[in-house]
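> Predicted model follows, preceded by the sequence.
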Amino acid sequence: MLICNCNPFNEDDVKAFLKDKKGLPVTLSEVYRECSGGAAIRCGIACIPRLTDIIEEHNRAIEVNNGTVAKILDVKTLEAV
Ligand code: FES
């Protein structure tokens, strides 16, 4: 399933990256940069909501396992950190 239309990458690319992280929390900007080949986010319309869901699920699983809290968005600016 295509995640980003502007800098095309799909859900398999995201899952492969998360698998490589081996249980480490990730940020949205980190995942986007890696999966887009270093491109900047353009519109974010299609990809940000889906990436946020996937990353929250990934980081929540880590929290459950080790009790840490992973932050993916700056609460004040709502920008990826
Ligand atoms: S759909 Fe991802 S930046 Fe536009």
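Yep, that arrived.
> how about stretch 44-56: buried residues?
Within stretch 44-56, the residues scored as buried using 16 or more other Cβ atoms under 10 Å are Cys47, Ile48, Leu51, Thr52, Ile54, Ile55. Every C-beta, even on glycine, is put in place using the N, C-alpha and C of the backbone.
> do stretch 23-36 as well
Neighbour counts over stretch 23-36 (16+ other Cβ under 10 Å) mark Pro25, Val26, Thr27, Leu28, Ser29, Glu30, Val31, Tyr32, Arg33, Glu34, Cys35, Ser36 as buried.
> is any part of that stretch close to the ligand?
No: counting by Cβ under 6 Å from any ligand atom, the ligand is not contacted by stretch 23-36; separation bottoms out at 8.0 Å.
> What's the end-to-end length of that stretch?
21 Å (Cα to Cα, to the nearest Å).
> any idea how far that stretch is from the chain center?
Distance of stretch 23-36 from the chain centroid (Cα atoms, centre = their mean, to the nearest Å) equals 5 Å.
> cool, and stretch 53-60?
Worked out by Cα atoms, centre = their mean, stretch 53-60 lies 8 Å from the chain centre.
> CA atoms of it as PDB?
Only the C-alpha atoms of stretch 53-60 are listed here, as PDB (Å, rounded to 0.1, in the frame of the first residue of the first chain):
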ATOM      1  CA  ASP A  53      -0.500   5.500  13.200                       C
ATOM      2  CA  ILE A  54       2.200   3.100  12.300                       C
ATOM      3  CA  ILE A  55       4.800   4.800  14.400                       C
ATOM      4  CA  GLU A  56       2.500   5.100  17.400                       C
ATOM      5  CA  GLU A  57       1.800   1.400  17.200                       C
ATOM      6  CA  HIS A  58       5.500   0.600  16.900                       C
ATOM      7  CA  ASN A  59       6.500   2.900  19.800                       C
ATOM      8  CA  ARG A  60       3.600   1.800  22.000                       C
END
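> what's in contact with that stretch?
Glu11, Val14, Lys15, Leu18, Lys21, Pro25, Val26, Thr27, Leu28, Val31, Ala70, Ile72 (Cβ atoms under 8 Å, 6 or more residues apart in numbering).
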